[in-house]
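1. Quick one, what's the 3D model for this:
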Amino acid sequence: QEQEETAASGEEVPRLSPPSFVLGDPWSSIAASFEIHPGNYNWNYKDGDEMAGVIACGVHPLDDIEREKLKLPRYNGMEAVIYMLSTDVSPDMLIINVWDAEDIGNTQAETGAELTLYFPVSMLELEIGKVYEFTAVWAQEKLEQRGFYGDAGYTLVTE
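-> Residues are numbered from 1 along each chain as shown. Below you'll find the model as predicted:
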């Protein structure tokens, strides 16, 4: 409530945690979206004249837990589908690790692919039957501009 009152008064409200990511299928007539929340993160923000920080420790992307899965459409038998990635504050860098969904439960499995993207990026190619770990990085060099920096991990499982 205090943050809402501060925002209503026009004062800058510190971002206390990393933003969520929203994936949308640009080819769908339904315009459905899928939201991903950060699991692991190391977040630092200005709180007045002071700095504050939060560290959250989530599960490994391959831990065998119940997760909501993104069901990818099959467009003319394509193995991969393009999704739009959006968030209210884009990270400076996005590191993507990919595993086969069959590796769930084996946290020692080698990643099948690793890719590093630099923003602005808004399109991702996703494949059916994969586990994606997105590690987003908001650069410390932009602390004065943004009022925060840190990194956050997001996990997505497709079917």
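
2. Now tell me what touches stretch 137-156 from outside.
-> 12, 14-15, 18, 21, 23, 34, 36-46, 53, 58-59, 61, 67, 70, 89, 91-95, 126, 131-136 (CB atoms under 8 Å, 6 or more residues apart in numbering). Every C-beta, even on glycine, is put in place using the N, C-alpha and C of the backbone.

3. Okay, buried residues for it please.
-> Going by neighbour count (16 or more other CB atoms under 10 Å), the buried part of stretch 137-156 is Val137, Trp138, Leu143, Phe148, Tyr149, Gly150, Asp151, Ala152, Gly153, Tyr154, Thr155, Leu156.

4. circling back to that earlier point, can you select the buried ones from the contacts of stretch 137-156 in PyMOL?
-> To isolate the buried members of these in PyMOL, using 16+ other CB under 10 Å:
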select buried, resi 15+18+21+23+34+36+38+39+40+41+42+43+44+45+46+58+61+70+91+92+94+95+126+131+132+133+134+135+136
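
5. from the contacts of stretch 137-156, which ones fall inside strands?
-> The members of the contacts of stretch 137-156 that map onto strands under DSSP state E are 21, 23, 34, 36, 41-46, 53, 93-95, 126, 131-136.

6. which residues does the nearest residue to Glu127 once chain neighbours are set aside contact?
-> Leaving aside its sequence neighbours, Glu127 sits nearest to Ala80 (CB to CB, 6 or more residues apart in numbering; 4.9 Å). Applying CB under 8 Å, 6+ apart to Ala80 gives the contacts Glu125, Leu126, Glu127.

7. how about 10 Å then?
-> Applying CB atoms under 10 Å, 6 or more residues apart in numbering to Ala80 gives the contacts Leu72, Leu124, Glu125, Leu126, Glu127, Ile128, Lys130, Thr158.
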